[in-house]
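1. Just to be clear, the model below is a prediction. Sequence and coordinates:
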Amino acid sequence: MHQPMLDLADIQGDILVGLQKYYESFIFFNVIDLNYFKRLTAQRVCERITSVGQASHWDLVIQHGKRSNLPTLGPFYGLNLGFTRHGIDQLMTAGRPQLGSAFERGADHQDTIRILNDPPISRWLAAFIADPIDGVFLITGPDRASVMSQSGDLLRRLGGSIRVLYSEIGQVRPGRERGHEHFGFLDGVSQPGIRGLTRPSKPIYRPDEGLPGQDLLWPGEFVFGYPGQDPNDPVKPGKAPDMAAPWMKNGSFMVFRRLEQKVPEFRKFVAEHAARLGMDRELLAARMVGRWKGGAPLERAPLRDDPAIGADPNRNNDFAYADDPFQRKCPYAAHIRKAYPRDDTGNEAEVLRHRIIRAGIPFGPEVEPGETTTRHSRGLMFVCYQTSIERQFEYIQRRYADNPDFATGKMRPGGGAVTPGYDPVIGQAPGDEARYMDEPYPNYPAGTRRTTLDIPSEFVVLTAAAYFFMPSITALRTVLTRSF
């Protein structure tokens, strides 16, 4: 099958590959002097924007370093830039094209908050909502000092053309927790592969997969200007996403959400409810997530952890749900089964139309000894990319995670309908109502015990959110920084 030719030098690097980082600075700003900002961005910033081609090169360098036991990141530095609807208003002036309904609505709009069951903005970080945000810089590097230095240099290059409204630095977790989020689970395992970029590990036997279990998707799901997925066939290309203007080509929509994690409360809840149910606490946590902390999926290790599977990229994502029709191995409401139901709905082609590429990073300090109630803000700077916020991110949150009836039509052994419940990790109920999930206690391989996990409060709390458009490097150099 003919593969698309991606313009790797024009697409910003975080979109398809992810900027390599141990630390990442998020600088949210508004524009103070428009013409000054345009001129300085074109002259001093665009040349430093990291492309997919550059990020891919650094991936190869890092992989070689790991194989050769050399330092993994060295002096790597990454920079990407995106704009909200307010920022595009500034750059394009009156009469600009409408880029997409969800993007134009914005993450802070009351309709967005309502459909996603998000907390009201009155409960978000005050500094984040003090003034409308025009844009965000993503700055990455191997250590905090270099990221802070690069951030300072960038702000000096922009002079007084912008005002920083809010900034925060995320960092990977230390030691053996590297690659894990604050609840302790290995993160980023089930990323989609990209046709034209991701190489099949078994090109003869599995030409439509990158790593085993990693579907290769057409790039138009994540970047404008290329074919997307066929809604009726998981392999064939579909039409390219509509572009409101030609300069949207090689750009993407970014969803940002600052998700605070209540780690001590999560641990306490799991311990108490595992004891009530008469099961191991690590098994209960795994059934809430759908994986063990080391990455092994319940579909491959339903009752006890298998660290070797979790550490093996050829096995930790190579599974489906068709052979688990009664949630004996993995609950229907488990986080990874909700967020990416694979073949659970019977229409895999349709499911692939809702995929996203995630590129977030943890933030905040580690839990302190004796911290039984959250004392310090910590969590995930969630970032994802797509060409339709409504059909991709919002669909996953609204139709999967927040919908207690999804997956629909499920049955118990011997008959009886199942209401799966909410995603216990990221699911949100209307009006802060209590949530629940069906069958936390495993009936593997042949039990019939009926259990429900009642979850009175959320362990993941939204504290800030915004929608951005990440333009191509060409658009940044031309139409978006052109002075009229």
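-> Structure received. Residues are numbered from 1 along each chain as shown.
2. so where's the protein shaky on pLDDT?
-> In the predicted model, the chain carries pLDDT under 70 at residues 1, 64-67, 69-75, 484.
3. what residue of it is the furthest out?
-> For the chain, the C-alpha lying farthest from the average C-alpha position belongs to Gly414; by CA atoms, centre = their mean, that distance is 37.5 Å.
4. Setting the sequence-adjacent residues aside, check what's closest to that residue.
-> What sits nearest to Gly414 in space, not counting adjacent residues and going by CB to CB, 6 or more residues apart in numbering, is Thr448, at 7.8 Å. All C-beta atoms are positioned from the backbone trio N, CA, C, and that covers glycine.
5. I'd assumed that neighbour was in a helix, is it?
-> No: looking at Thr448 with DSSP: H, G, I helix; E, B strand; the rest coil, it is coil, so not inside a helix.
6. my guess is it meets Glu439, correct?
-> No: under the criterion of CB atoms under 8 Å, Thr448 makes no contact with Glu439, lying 10.6 Å away.
7. So which of those two has more stuff around it?
-> Each of Thr448 and Glu439 had its neighbours counted (other CB atoms under 10 Å), and the higher figure belongs to Glu439 (25 against 9).
8. And the more buried one, how close does it get to Gln90?
-> Counting by CB to CB, to the nearest Å, the gap between Glu439 and Gln90 amounts to 51 Å.
9. for Thr373, same thing?
-> From Thr373 over to Gln90 the distance is 42 Å, taken as CB to CB.
10. same thing with Val367?
-> The separation that Val367 has from Gln90, given CB to CB, amounts to 41 Å.
11. so which strand or helix has Leu154?
-> Following DSSP states H and E, one finds Leu154 within helix 144-157.
12. ugh, wrong one, Phe103
-> Mapping Phe103 onto the secondary structure by DSSP H and E places it in helix 101-105.
13. Over to Asp111?
-> Following DSSP H and E, one finds Asp111 within helix 110-116.
14. Which positions in that helix come out as buried?
-> 112-113, 115-116 (16 or more other CB atoms under 10 Å).
15. what about Glu168, neighbour count?
-> When neighbours are defined as other CB under 10 Å, Glu168 has 18 of them.
16. Might you report the residue contacts of it?
-> Remark: with contacts taken as CB atoms under 8 Å, 6 or more residues apart in numbering, Glu168 is in contact with 25-26, 258, 363, 381.
17. go again using 10 Å as the cut-off
-> With contacts defined as CB atoms under 10 Å, 6 or more residues apart in numbering, Glu168 is in contact with 24-28, 125, 127-128, 258, 363-364, 377, 381, 464.
18. One more: Val147?
-> Val147 makes contacts with 21-25, 77-78, 139-141, 169-171, as judged by CB under 10 Å, 6+ apart.
19. And for Ala434?
-> With contact set as CB under 10 Å, 6+ apart, Ala434 has these partners: 422, 454-458.
20. Then Val31?
-> The contact partners of Val31, by CB under 10 Å, 6+ apart, come to 37-38, 41, 83, 86-87, 90-91, 134-135, 158, 161-163.
21. Tell me the backbone dihedrals of it, please.
-> phi -90, psi 130 (degrees, to the nearest 10).
22. so what's the residue most central in space within the chain bridging to?
-> Averaging the C-alpha coordinates of the chain gives a centre point, and the residue nearest to it by CA atoms, centre = their mean is Arg358 (3.0 Å). Residues in a beta bridge with Arg358, per DSSP bridges, are Cys384.
23. what separates it from Gly18, distance-wise?
-> Counting by CB to CB, the separation of Arg358 from Gly18 is 9 Å.
24. For the two, list the residues in contact with both.
-> With CB under 10 Å, 6+ apart applied, the overlap between the contact sets of Arg358 and Gly18 consists of 188, 191, 383, 385.
25. Can you go through the residues you listed and name the buried ones?
-> 191, 383, 385.
26. can you tell me which of these lies nearest to Asp432?
-> Ranking these by separation from Asp432, with CB to CB as the measure, puts Val383 on top at 25.3 Å.
27. May I have the residues that are in contact with that closest one?
-> Listed by CB under 10 Å, 6+ apart, the contact partners of Val383 are 14-15, 18, 24, 26, 82, 136, 138, 170, 254-257, 356-361, 468.
28. Which of the residues you listed fall in strands?
-> Counted as lying in strands by DSSP state E, out of the contacts of Val383, are 24, 26, 82, 136, 138, 170, 254-257, 357-358, 361, 468.
29. Would you indicate which residues of stretch 194-206 are buried?
-> By 16+ other CB under 10 Å, the buried positions in stretch 194-206 come out as 194-198, 200, 206.
30. Repeat that for stretch 171-189.
-> 171, 173, 180-187, 189.
31. First-to-last residue distance for it?
-> Using CA to CA, to the nearest Å, the span of stretch 171-189 from its first residue to its last is 18 Å.
32. With adjacent residues omitted, what lies nearest to Ala339?
-> Closest residue in space to Ala339, ignoring its immediate chain neighbours: Ile396 at 5.9 Å, by CB to CB, 6+ apart.
33. same thing with Ala240?
-> Closest residue to Ala240 in three dimensions, ignoring its sequence neighbours and counting by CB to CB, 6+ apart: Gly220, at 4.9 Å.
34. contacting residues for the one you found?
-> In this structure, Gly220 makes contact with 4, 195, 226-229, 237-241, 387, judged by CB under 10 Å, 6+ apart.
35. my read is it is in a helix, agree?
-> Yes: Gly220 sits within a helix when classified using three-state DSSP.
36. That one and Gly141: what is the separation?
-> From Gly220 over to Gly141 the distance is 31 Å, taken as CB to CB.
37. quick one on the thing from earlier: pretty sure the residue nearest to Gly414 contacts Arg412?
-> Yes: counting by CB atoms under 10 Å, Thr448 sits close enough to Arg412 to count as a contact (8.0 Å).
38. Now list whatever residues contact both of these two.
-> Common neighbours of Thr448 and Arg412 (criterion: CB under 10 Å, 6+ apart): Phe326.
39. for the stretch 351-484 of the chain, what spans make up the helices?
-> Under the criterion DSSP state H, counting those that start in this stretch, helices of the stretch 351-484 of the chain are mapped to 395, 473-477.
40. of all the ones you listed, which lies closest to Gly213?
-> Of all the helices of the stretch 351-484 of the chain, it is helix 395 that lies closest to Gly213, at 21.8 Å by CB to CB.
41. How far away from the center of its chain is that closest one?
-> The gap between the average C-alpha position of helix 395 and the chain average comes to 13 Å, counting by CA atoms, centre = their mean, to the nearest Å.
42. contacting residues around Pro231?
-> Taking CB under 10 Å, 6+ apart as the definition of contact, the neighbours of Pro231 are 238-239, 347, 349-350, 352-353.
43. Would you write out the ChimeraX command that picks the buried residues out of the residues you listed?
-> Buried residues within these, as defined by 16+ other CB under 10 Å, are selected in ChimeraX through the command that follows:
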select :238,352,353
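44. Can you tell me which of the contacts of Pro231 end up in helices?
-> 349-350, 352 (DSSP state H).
45. wait, which of the residues you listed is closest to Ile32?
-> The nearest one, if we look at the ones in helices among the contacts of Pro231 relative to Ile32 and count by CB to CB, is Leu352, at 42.8 Å.
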